[in-house]
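> Model the structure of this input:
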Amino acid sequence: MTLTTVTTLVLLGVVAVLSPLVAEIGGAWSVPDVVIEIGAGIVIGPAVLSIAHPDSVVTALSDMGLSYLMFLAGMELDLNRIRGRSLQLAGLGWAVSLALAVVVAAALVATGTVLDTLVVSLTLTTTALGTLLPIVRDAGLLGGRFGSRFMAIGSVGEFGPILAVAVLLDQRAPVRTGLLLVLFVAVAVAAAIVAARPQPPKVISLMHRHLQSSAQLPVRISVLLVTALVYLAYRLGLDVLLGAFAAGIAVRLLVRGGDDEIVRGKLEAIGFGLLVPIFFIVSGMEFPLHALLGEPSAFLRVPLFLGLFLIVRGSPVFLLYRQDLPKREWLPMALFSATGLPLIVVITTIGVEEGRMRPVNEAALVAAGMLSVLLYPMLARVLLRRATRVVEASATEPPIAPLAAPPMAAPPSPPPMGLRPQLAPMAGSDHDGPLPAQAGIDDPLGWDEPPPL
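Numbers count the residues shown, from 1 in each chain. This is a model prediction of the structure:
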């Protein structure tokens, strides 16, 4: 290990520690630490300060971080929770997004902005479930119907593009790729079935006994399952992210019972405490800033792609979830759906390597993905927080009582018989007693008449 590698690792550790601390400064408008990590990677990387360099060791750790991020996303996936209507809406929504993306990409190809329709289309249909999970979970949004719909949208938005990349962007024959994909799915399903079977009491006791010891047997088995499925996907020529995602689903089925939260906490500590921050920081270090600065029109493409993310992935929310979610949750869900970064990096890298994408578009798409992680979740949380305050305020206000009708005035009762009403003297009169009786108007009300016999 060279001095450059050690220096880079130290800087990675410094950035990983400072990022969550800096993220706390903004309060309600706080920037996700993922964005801070990417931005800090750009600053310390070769594009700006050039004090950190991604050599083979650092790149290997970054690749492990991306795979582990997908593993955590798969482990967070609760199939029992998202199956049914949530999964149906998410699948239909992704199909609508893919159709919109093809139309938009074809228009961009016709104008000469991009080279390939397929690569750009797949880039526009991604949702960064792994990136959003810590943000959404820390905000307490995973519960309820909103959380289940979000998990379904994120899972399909991450798994769908991975499958499409494995099948459509593969240079081999599509039939062979499809057969290899079926083989991998069969192995992954078999592993999930074995993991879901009830374990014998001796096995459960063994796992529990070694959970808090130096053996950490459940953690080692989980890591072995991740590496095995990633290796299988690699040997079959498929995307390794597919193996990591499938491993997460299998580990979730395997780790059950009273110790599941402890095991999940240990696995998340490995990912979010070490590997995942390295991936995001190195992504910033490898960001092609020179391509973005080298062409004046490149900056105009960043807001273009940022808006297209929201149009392509957000439009299905307004089309399909009108009867499923309250109106105040439509725009936040659309913003979460339009957030993407890891798969954007993967797909654009493949596109540049195969000559199907210009480096300037790669830089613009990655920059738009970074801005989506910065802006969209933050706006979504603010909108949800504001809507929650409005709902709580309306629920705590006392109901307004209806206005009561004024009481009816009782009719005047006649004075005792034989008495006349004493009228006030006329203004300017010097007579202080009652007014004298006038002919014809002595007793207009008949108060002095005797009662009839």
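> So, low pLDDT: which residues of the stretch 301-450 of the chain?
Within the stretch 301-450 of the chain, the stretches with pLDDT under 70 are 391-392, 395-450.
> looking at it, V156 is touching G91, isn't it?
Yes. Using Cβ atoms under 8 Å, V156 is in contact with G91, at 5.6 Å. For every residue, glycine as well, the C-beta is placed using N, CA and C.
> Among the two, which residue is more densely surrounded?
Taking neighbours as other Cβ atoms under 10 Å, V156 and G91 compare with V156 leading, 25 against 15.
> what helix or strand does the more buried one sit in?
Secondary structure from DSSP states H and E places V156 in helix 144-168.
> now swap in A106 and tell me
helix 85-110.
> tell me the angle that helix makes with helix 144-168.
Here the directions of helix 85-110 and helix 144-168 differ by 50 degrees (axes from the mean of the first three to the mean of the last three Cα atoms, to 10 degrees).
> Let me know the distance separating D260 from M207.
11 Å (Cβ to Cβ, to the nearest Å).
> cool, G284 as well?
Distance, G284 to M207, by Cβ to Cβ: 39 Å.
> got the buried residues for the helix holding A106?
For helix 85-110, the neighbour count (16 or more other Cβ atoms under 10 Å) marks 86-87, 89-90, 93-94, 96-98, 100-102, 104-105, 108 as buried.
> tell me which of the residues you listed is nearest to V373?
Closest approach to V373 among the buried residues of helix 85-110 (Cβ to Cβ): S97, at 18.2 Å.
> tell me the contacts of the closest one?
Neighbouring residues of S97 by Cβ atoms under 8 Å, 6 or more residues apart in numbering: L124, T125, G157, V312, R313, S315, P316.
> Could I get the contacting residues of the third one?
G157 is in contact with A90, W94, S97, T125, T126, T127, L129, R313, S337, G340, counting by Cβ under 8 Å, 6+ apart.
> the helices in the stretch 1-150 of the chain, which residues?
3-23, 33-44, 56-76, 79-82, 85-110, 117-124, 129-138, 144-168 (DSSP state H, counting those that start in this stretch).
> so which of the ones you listed comes closest to S222?
So among the helices of the stretch 1-150 of the chain, helix 56-76 is nearest, using Cβ to Cβ, at 8.5 Å.
> buried stuff in that closest one?
By 16+ other Cβ under 10 Å, the buried positions in helix 56-76 come out as 58, 61-76.
> ok, back up a step: more neighbours, D260 and M207?
The residue with more neighbours, out of D260 and M207, is M207; 18 against 13, by other Cβ under 10 Å.
> Pretty sure that one sits against D259.
Yes. Using Cβ under 8 Å, M207 is in contact with D259, at 7.0 Å.
> what do the two both touch?
Common contacts of M207 and D259, defined by Cβ under 8 Å, 6+ apart, comprise P218.
> helices and strands around the very next helix or strand once past the helix holding V156, which ones?
Scanning forward in sequence from helix 144-168 by DSSP H and E, the next helix or strand is helix 174-196. If contacts are counted by 3 or more Cβ pairs under 8 Å, 6 or more residues apart in numbering; DSSP states H and E, helix 174-196 sits against helix 144-168, helix 217-235, helix 240-254.
> now the helices: where do they sit in the stretch 301-450 of the chain?
With DSSP H, counting those that start in this stretch as the criterion, the stretch 301-450 of the chain has helices spanning 330-337, 342-353, 359-396.
> name the helices or strands packed onto the shortest one?
Counting contacts by 3+ Cβ pairs under 8 Å, 6+ apart, the secondary-structure elements packed against helix 330-337 are helix 144-168, helix 298-320, helix 359-396.
> quick one, which of these is nearest to T8?
Minimum separation from T8 across the helices and strands packed on helix 330-337 (Cβ to Cβ) falls at helix 359-396, 20.6 Å.
> For that closest one, buried residues please.
359-378, 380-381, 383-384, 387.
> and that helix, how far out from the chain's middle?
For helix 359-396, the separation from the chain centroid amounts to 8 Å (computed by Cα atoms, centre = their mean, to the nearest Å).
> cool, and stretch 235-245?
Distance, centroid of stretch 235-245 to centroid of chain: 25 Å (Cα atoms, centre = their mean).
> Over to stretch 305-313?
On Cα atoms, centre = their mean, the centre of stretch 305-313 falls 15 Å from that of its chain.
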